[in-house]
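Peer 1: What follows is a predicted protein model with its sequence.
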Amino acid sequence: MLITISGLPGSGKTTVARLVAQALGLEHVYAGDIFRRQAEAHGLSLEAYLRQAETDPSIDRELDAQMCRRARAGNAVLEGRLAGFMAARAGAPALKVFLDASERVRAERIAAREGGATEERLREIQAREASDRRRYRELYGVDYHDPALYDVVMCTDDRAPPSVAQAIVAEARRRFPA
């Protein structure tokens, strides 16, 4: 069984992915962790590595190749903005989920989690999304915001993570009966 969880920063991807993985006894594979390990291996801070990724496509390609390999192995919840696209690219059958939330809610969640003012976090996520969207279009010709790429699209503004995870688990069990 392979489930991918994609979405925007602050939409609840990590929390929901962990809950889904736990409920189904699957490994949680987080693209952000892989990216951070790549930055560390290159001796760069996360911020410096993100800036370098703006002009060096090999950074995204390295991460994406690892996600494709992991998708082919199955038995996991892959979390990342391009996780669903990478699973499809790898030819791995998956339940592809996209979590969405309004900008305001996402900025508030990130500010509560990481500190800082909501307005500051809002500007940061807008800049990050613009950068990601541009890079992914240039690299793969894909807009990861496109709901047609996913089997399930859920707004998390007014839903607690356990409720979102429960709905995904139910759909996964329906899609991949034991």
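Peer 2: Received the coordinates, thanks.
Peer 1: farthest residue from the center of the protein?
Peer 2: Of all residues in the chain, A178 has its C-alpha farthest from the mean position, at 26.0 Å, by C-alpha atoms, centre = their mean.
Peer 1: Distance of that one relative to A167?
Peer 2: 19 Å (C-beta to C-beta, to the nearest Å). Heads up, the C-betas are built off the backbone N, CA and C, glycines and all.
Peer 1: again with A65
Peer 2: 31 Å.
Peer 1: Those two - which one has more neighbours?
Peer 2: A167 (16 against 12; other C-beta atoms under 10 Å).
Peer 1: Surely that one is within a helix?
Peer 2: Yes. Counting by DSSP: H, G, I helix; E, B strand; the rest coil, A167 is located in a helix.
Peer 1: Going forward, count from 796.
Peer 2: Fine by me, first position is 796 from now on; the one you just mentioned is A962.
Peer 1: Surely it is in contact with V948?
Peer 2: No. Contact criterion C-beta atoms under 8 Å: A962 and V948 do not qualify, at 11.6 Å.
Peer 1: what are the ranges of the strands in the chain?
Peer 2: With strands called from DSSP state E, the chain shows them at 797-802, 822-825, 871-874, 890-895, 947-950.
Peer 1: Adding mean pLDDT, distance to F880 and mean neighbour count, write the ones you listed out as a markdown table.
Peer 2: Formatted as a markdown table, those follow (pLDDT from 0 to 100; distance: least, C-beta to C-beta, whole Å; neighbours: other C-beta atoms under 10 Å):
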| stretch | mean pLDDT | distance to F880 | mean neighbour count |
| --- | --- | --- | --- |
| strand 797-802 | 96 | 8 | 29 |
| strand 822-825 | 96 | 15 | 18 |
| strand 871-874 | 96 | 11 | 28 |
| strand 890-895 | 97 | 8 | 24 |
| strand 947-950 | 97 | 14 | 17 |
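Peer 1: among those strands, which is nearest R968?
Peer 2: Proximity to R968 (C-beta to C-beta) singles out strand 890-895 among these, at 9.9 Å.
Peer 1: strands paired with that closest one, and their directions?
Peer 2: strand 797-802 (parallel), strand 947-950 (parallel) (DSSP bridges).
Peer 1: do you know which of the ones you listed lies nearest G879?
Peer 2: Nearest of those (C-beta to C-beta): strand 797-802, 4.3 Å.
Peer 1: How far does the closest one sit from its chain's centre?
Peer 2: 7 Å (C-alpha atoms, centre = their mean, to the nearest Å).
Peer 1: And for that strand, what's in contact with it?
Peer 2: With C-beta atoms under 8 Å, 6 or more residues apart in numbering as the test, strand 797-802 has contacts from 808, 811-812, 815, 819, 821, 866, 869-882, 887-896, 939, 945, 963, 967.
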